[in-house]
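Colleague: fold the following, please.
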Amino acid sequence: MKTGMKVEAYDTNGLLQTVFTAVVTGDVNGDGNVSITDLVQINRHLLGLQKITGAALAASDLNNSASVTISDLVKINRVLLGLETITAY
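Modeller: I've put the predicted structure just below:
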């Protein structure tokens, strides 16, 4: 599963009912992994150099605070160093 993947739900008649967009906490770039690339994207977002939107923005909120802040950057850094894990919310 990767951030940004679409999951379609159909009824028993085969009619599309809804489409869900997957959000994998920490997987900002949608490659299915949490890596230094995700950390860099959060950093660039916080510096105003790159705007993160949609599912990627939700994936950037590692502490589930409803916004992306320096705390999320610190958390993803700690995850990459093996000092913390990501908790599903």
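Colleague: gap between residue 77 and residue 14?
Modeller: To residue 14, residue 77 is 46 Å away according to CB to CB, to the nearest Å. (C-beta placed from N, C-alpha, C; glycine too.)
Colleague: these two: who's more crowded?
Modeller: residue 77 (15 against 6; other CB atoms under 10 Å).
Colleague: most centrally placed residue in this structure?
Modeller: With distances taken as CA atoms, centre = their mean, residue 59 lies nearest the centre of the chain, 1.6 Å away.
Colleague: now that residue. Nearest residue, chain neighbours left out?
Modeller: Nearest residue to residue 59 in three dimensions, chain neighbours excluded: residue 3, at 4.4 Å (CB to CB, 6 or more residues apart in numbering).
Colleague: surely the one you found meets residue 24?
Modeller: Yes: using CB atoms under 8 Å, residue 3 is in contact with residue 24, at 4.7 Å.
Colleague: find residues that contact each of those two.
Modeller: Counting by CB atoms under 8 Å, 6 or more residues apart in numbering, the common neighbours of residue 3 and residue 24 are residue 59.
Colleague: more neighbours: which of those two?
Modeller: Each of residue 3 and residue 24 has its neighbours counted (other CB under 10 Å); residue 3 has more, 24 against 21.
Colleague: just the residues contacting stretch 29-38, thanks.
Modeller: Contacts of stretch 29-38 (CB under 8 Å, 6+ apart): 1-5, 24, 26-28, 41, 55-56, 59-60, 76, 79-80, 86.
Colleague: try it again with 7 Å
Modeller: 2, 3, 4, 26, 27, 28, 41, 56, 76, 79, 80, 86 (CB atoms under 7 Å, 6 or more residues apart in numbering).
Colleague: rewinding a little: the helix or strand where the residue nearest to the centre of the chain lies: which residues count as buried?
Modeller: Assigned by DSSP states H and E, residue 59 falls within helix 54-60. Within helix 54-60, the residues that count as buried by 16 or more other CB atoms under 10 Å are 55, 56, 57, 58, 59, 60.
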